[in-house]
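Novice: below is the structure, and that's it, no one-letter string:
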């Protein structure tokens, strides 16, 4: 359950950061581009958050197996 919550939190955090960066970059061009940039940035951020949480889980699993041996 803890890993599931960690994955959800990680995705949300990276999605928010990605949306803010995308909207900021798109805002330089126009208001419509800011909206599109925010949406695309959020999607990329959520994907990055999912990947990062998965890698952390794999690292933790390997670390626990090494401790047992």
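Specialist: Thanks, I have the structure now. Bear in mind the structure is a predicted one, so any value in this text is a computation, not a measurement.

Novice: off-centre distance for the strand or helix carrying residue 38?
Specialist: Assigned by DSSP states H and E, residue 38 belongs to helix 31-68. Its chain's C-alpha centre and that of helix 31-68 lie 4 Å apart, by CA atoms, centre = their mean, to the nearest Å.

Novice: what residue is smack in the middle of this protein?
Specialist: Residue closest to the mean C-alpha point of the chain, counted by CA atoms, centre = their mean, is residue 49 at 2.3 Å.

Novice: pLDDT of the helix holding residue 38, averaged?
Specialist: Helix 31-68 shows a mean pLDDT of 78.

Novice: packing partners for that helix?
Specialist: helix 2-27 (3 or more CB pairs under 8 Å, 6 or more residues apart in numbering; DSSP states H and E). Placement of C-beta: from N, CA and C, glycine included.

Novice: buried ones in the helix it packs on?
Specialist: Buried residues in helix 2-27, counted by 16 or more other CB atoms under 10 Å: 7, 10-11, 14-15, 17-19, 21-23, 26.
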